[in-house]
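# Sharing a model that was predicted from the sequence below.
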Amino acid sequence: RESILLPGPQFNSRVKNMYRYSSMRHIVFEIGEPTGTIDVSEKQNGAIMGQLSGNTLYIRSRSTICANPDASYMFDTFSNMTSVTFSDFSTNGTKTMNNMFNGCMSLGSVNASCFDTSQVTTMENMFRDCQVMTSLNMTGFDTGDVRTMENMFMDCRALPNIYVNHFDTRSVTTMRNMFYRCHNVQDFSVSNFRTPSLTDMGNMFYECKQLYDMDLSSFDTDRVTQMQYLFGRCDRIKFIDFTGFDTAMVTDMTSMFEKTYALRELDISMFYTPRCEDFKNMFLDSNVEYISSDRLDADSATDVHSMFNKCRYLEHVDLDNFVIRNYCYLHSMFYQCHSLTGRLIIATSSTPRLYDAFDGCSTYYGTEFVVDYTSYSARYVAQDMINTNNSIGNVRLGSMVSAYSLAKPDTLSLKAESRSDTKNSVESVTITLDNGVMGLYKTDSRISTNGKIGDLGVPEINPQYSGSFEGYYYDKDFTIPVKPTDEVVDDITVYAKW
């Protein structure tokens, strides 16, 4: 026990304060006569001494040198250190290794195969910002007690492989930023990871630019709440296996697949998202063409803006269960989705923001919207959503069917929905446009007494269109005019002539 080092933070500061830190390039731990000018032993009894020779710091003891139970920050920001040699070094009994090599920006390789990590509980930031490291040996790592691996390999930008498939991850609660910006990693697998305690996967593989495929089928994610930027900016990834994923607790999927340029098909049919609030930029600027997503749920969504923004090749996404029910940002949701066909349902009693939702979707068609018409303005929908589109496909406003088409502004149709207590007593009629983007439904129209149609009024006009209203007709050829004295017993459709 005489050969136990100072706690990591004290070891770090003692070395930095005593030596010409800027000229130190190498550290060697070895058995030898403990001579030198710096005592780095826990008991300060001279059992472990350090001596700088040239640009190498030799740390010697007569017996194996044991790391302190707290080995955190031990080499933190030794930014000029290029190598460290653990010839006679033990980590038996060490419990914390967070920030151990953090900021070792010149470190080329680490052989940590001798490390005993069986009692370690935290590896947060352990190798963070080792930007030029090209070799890392962790073959002896026992991670059964580790609780956090957050930022563990963050910004290891030159590392070509990270062998972690032997890691026992059953106790790990956070893997946030674990492989963040590992730009060069190619040989990589986490297919043996078991994660029943995991709650945070945010940014886990962000900007892993050389990844081609990833198998996450072994992951247990029923406690995970954070998945934002999970594969964001993984330029070359082509396949991701999410089999078995449980996303019921996830609240944030922001930019989860942002800028995945090589991805063509994605199966997230197992994603059930009743608690997810944030979907913004989820597929921003991705080249994905087909998304299987029939269980995506927007019950808690408050922000879906730019969710599919610039997905220019997207042809299909299943959003039948993605019903917008809350105040929600939807602007630019399908911006420049040139190839998309699909359906979206909006059934909200509040006012979602739809500005530019379909801007640039010049060939978009077949999308169906449902909006709670009792508390939402059709003018707001039309002007806020369409913007500069040439066509917008079918739009459904609440229980009222409408179709927008700039190509035929002269064939606006309106549907009068009658509600009768008796056959000849109609209480009210709601008028909605059925075809044409220029006319907007009026929610305040009423049938006069005695079941007569009465004055239906003039449809509101989008200011982008100028034209004179000539009246309502029962047929599209405008041969049978609607008269105020006509009776209404059942639902009827009338057409506005301009």
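Arrived safely.

# what about the nearest residue to residue 475 once chain neighbours are set aside, how many residues close to it?
Nearest residue to residue 475, sequence neighbours excluded (C-beta to C-beta, 6 or more residues apart in numbering): residue 495, at 6.9 Å. Heads up, the C-betas are built off the backbone N, CA and C, glycines and all. Using other C-beta atoms under 10 Å, residue 495 has 23 neighbouring residues.

# Tell me what residue 495 is bridged to.
Per DSSP bridges, the residues bridged to residue 495 are residue 413, residue 473.

# right, and it touches residue 471 too?
No: with contact defined as C-beta atoms under 8 Å, residue 495 does not count as touching residue 471 (9.6 Å).

# all strands for the stretch 1-150 of the chain, in order.
Here the stretch 1-150 of the chain has its strands, by DSSP state E, counting those that start in this stretch, at 26-31, 38-39, 49-53, 56-61, 65-66, 83-86, 89-90, 109-111, 135-137.

# Just name the most buried of those strands.
The highest mean neighbour count among the strands of the stretch 1-150 of the chain, using mean count of other C-beta atoms under 10 Å, belongs to strand 65-66: a mean of 24.

# elements contacting that strand?
strand 89-90 (3 or more C-beta pairs under 8 Å, 6 or more residues apart in numbering; DSSP states H and E).

# burial measure for the closest residue to residue 335 other than its chain neighbours, as a count.
Of all residues not flanking residue 335 in the chain, residue 309 sits nearest, at 4.5 Å (C-beta to C-beta, 6+ apart). Neighbour count for residue 309, taken as other C-beta under 10 Å: 24.

# same deal with the one 4 residues further on?
Residue 313 is flanked by 15 other residues according to other C-beta under 10 Å.

# swap in residue 124?
24.

# and the closest residue to residue 169 other than its chain neighbours, what is it in contact with?
Excluding the flanking residues, the one nearest residue 169 by C-beta to C-beta, 6+ apart is residue 193, at 4.8 Å. Residue 193 makes contact with 165, 167, 169, 216, 218-219, according to C-beta atoms under 8 Å, 6 or more residues apart in numbering.

# Make a PyMOL selection of the buried ones in those residues.
Written as a PyMOL command, the selection of buried residues from the contacts of residue 193, which uses 16 or more other C-beta atoms under 10 Å, is:
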select buried, resi 167+169+216+218+219
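
# I'd like the contacts of residue 193 as JSON lines, with secondary structure appended.
Shown next, in JSON lines, are the contacts of residue 193 (DSSP: H, G, I helix; E, B strand; the rest coil):
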{"residue": "165", "secondary structure": "coil"}
{"residue": "167", "secondary structure": "coil"}
{"residue": "169", "secondary structure": "coil"}
{"residue": "216", "secondary structure": "coil"}
{"residue": "218", "secondary structure": "coil"}
{"residue": "219", "secondary structure": "coil"}
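
# Closest to residue 110 out of the contacts of residue 193?
When the contacts of residue 193 are compared for distance to residue 110 (C-beta to C-beta), residue 167 wins out at 16.3 Å.

# Got the confidence number for that closest one?
The model reports residue 167 with a pLDDT of 97.

# so it touches residue 141, yeah?
Yes: if you go by C-beta under 8 Å, residue 167 and residue 141 touch, sitting 6.6 Å apart.

# Show me the contact partners of the longest helix along the chain.
If you go by DSSP state H, the chain has its longest helix at helix 8-18. Under the criterion C-beta under 8 Å, 6+ apart, residues 5-6, 21, 24, 37-38, 40, 50, 57, 67-68, 70-76, 78, 96, 99-100 lie in contact with helix 8-18.

# tell me the angle of it relative to strand 49-53?
40 degrees (axes from the mean of the first three to the mean of the last three C-alpha atoms, to 10 degrees).

# buried residues in helix 8-18?
Under 16+ other C-beta under 10 Å, the buried positions of helix 8-18 are 8-12, 15, 18.

# what about dumping the CA coordinates of it to CSV?
The C-alpha coordinates for helix 8-18 follow below in CSV (Å, rounded to 0.1, in the frame of the first residue of the first chain):
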residue,chain,number,x,y,z
GLY,A,8,-5.7,12.2,-9.7
PRO,A,9,-6.4,16.0,-9.3
GLN,A,10,-3.5,16.4,-6.9
PHE,A,11,-1.2,14.3,-9.0
ASN,A,12,-2.1,16.5,-12.0
SER,A,13,-1.5,19.8,-10.2
ARG,A,14,1.8,18.6,-8.5
VAL,A,15,3.3,17.6,-11.9
LYS,A,16,2.2,20.8,-13.6
ASN,A,17,3.5,23.0,-10.8
MET,A,18,6.9,21.3,-10.3
